[in-house]
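# okay, predicted coordinates and the sequence, questions at the end:
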Amino acid sequence: MTRRENQSARRPARRDPRRSILVVCGGRATEPAYFDGLKRERRNSAVTVTVKKKGVDPEAVVRHAMTLRGLAERTYDETRCVLDVDDFELAPVIALARRNRISLAVSNPCFEYWLVLHFELCSAPLTGYEQVVGRLLRYLPHYQKNALRFPDFSAGVDAAVKRGQERRIDLDAIPDHASSTGVWALVEKII
């Protein structure tokens, strides 16, 4: 055996030191566009984010995350589902996620509340999508649900994380905890 062969034979296998996060979104367009844009812009080399979409009810999103995690060629350090409260009954979904070690990034009433936090700390009791988007349109008159442009939000990401911490969601109090979000915790891991 040559010296070169001997050296390479002794090298131990190295594990990728980056944390990997599987993000499964309940929305088909807005949430995946946001997280893909965040991932592209921030390029955090310590984190690998895989974004998948499954635009149906929250239970189907969590079950889809379970399936994707089980079929993945690699092991994810963390699995998170991005969900809206909307009009869904989330208690059984929260229990299912907890049993399967899946974290939830829930926004009440909807993901667009998280987007509003990029511009202001909003503690008003926004009870539906229309109210939240009305607030968002104050800052982005051109906003369209299925055509999110991440650069519109880029400058406010760090502020949104801080504001989100102030408006953190209590999963055990849903739906009573109006105008709140858990998306900040996921974004904080990515940035």
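That came through fine.

# all helices for this protein, in order.
3-10, 30-42, 58-71, 91-99, 111-116, 129-137, 151-154, 157-166, 183-190 (DSSP state H).

# can you say which of those helices is packed in most?
For the helices of the chain, average neighbour numbers computed from mean count of other Cβ atoms under 10 Å are highest in helix 111-116, which has a mean of 27. From N, CA and C alone the C-beta is placed, and that goes for glycine too.

# can you put the helices of the chain in CSV and add mean pLDDT and distance to Arg80?
As requested, those are exported to CSV (pLDDT from 0 to 100; distance: least, Cβ to Cβ, whole Å):
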stretch, mean pLDDT, distance to Arg80
helix 3-10, 53, 38
helix 30-42, 92, 10
helix 58-71, 91, 8
helix 91-99, 94, 9
helix 111-116, 97, 13
helix 129-137, 96, 21
helix 151-154, 97, 19
helix 157-166, 96, 14
helix 183-190, 94, 5
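
# any chance of the ones you listed in a markdown table, plus distance to Arg18?
As requested, the helices of the chain are exported to a markdown table (distance: least, Cβ to Cβ, whole Å):
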| stretch | distance to Arg18 |
| --- | --- |
| helix 3-10 | 24 |
| helix 30-42 | 12 |
| helix 58-71 | 17 |
| helix 91-99 | 24 |
| helix 111-116 | 25 |
| helix 129-137 | 33 |
| helix 151-154 | 22 |
| helix 157-166 | 20 |
| helix 183-190 | 12 |
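
# surely Leu115 is in contact with Phe153?
Yes: taking contacts as Cβ atoms under 8 Å, Leu115 lies within contact range of Phe153: 6.3 Å.

# could I get the pLDDT score of Cys81?
Note on Cys81: pLDDT of 95.

# burial measure for it, as a count.
Per other Cβ atoms under 10 Å, the neighbour tally for Cys81 reads 26.

# contacts only, for it.
Applying Cβ atoms under 8 Å, 6 or more residues apart in numbering, we find Cys81 in contact with 23-26, 58, 61-62, 65, 97, 102-105.

# need the contact list for the closest residue to Trp184 other than its chain neighbours.
Leaving out its chain neighbours, the residue that sits closest to Trp184 by Cβ to Cβ, 6 or more residues apart in numbering is Gly164, at 2.8 Å. By Cβ under 8 Å, 6+ apart, the contact set of Gly164 is 114, 117, 181-185, 187.

# one more pass at 7 Å, please.
Gly164 makes contacts with 114, 117, 181, 183-184, as judged by Cβ atoms under 7 Å, 6 or more residues apart in numbering.

# His118 and Ala160 touch, don't they?
Yes: between His118 and Ala160 there is a contact under Cβ atoms under 7 Å: 4.4 Å.
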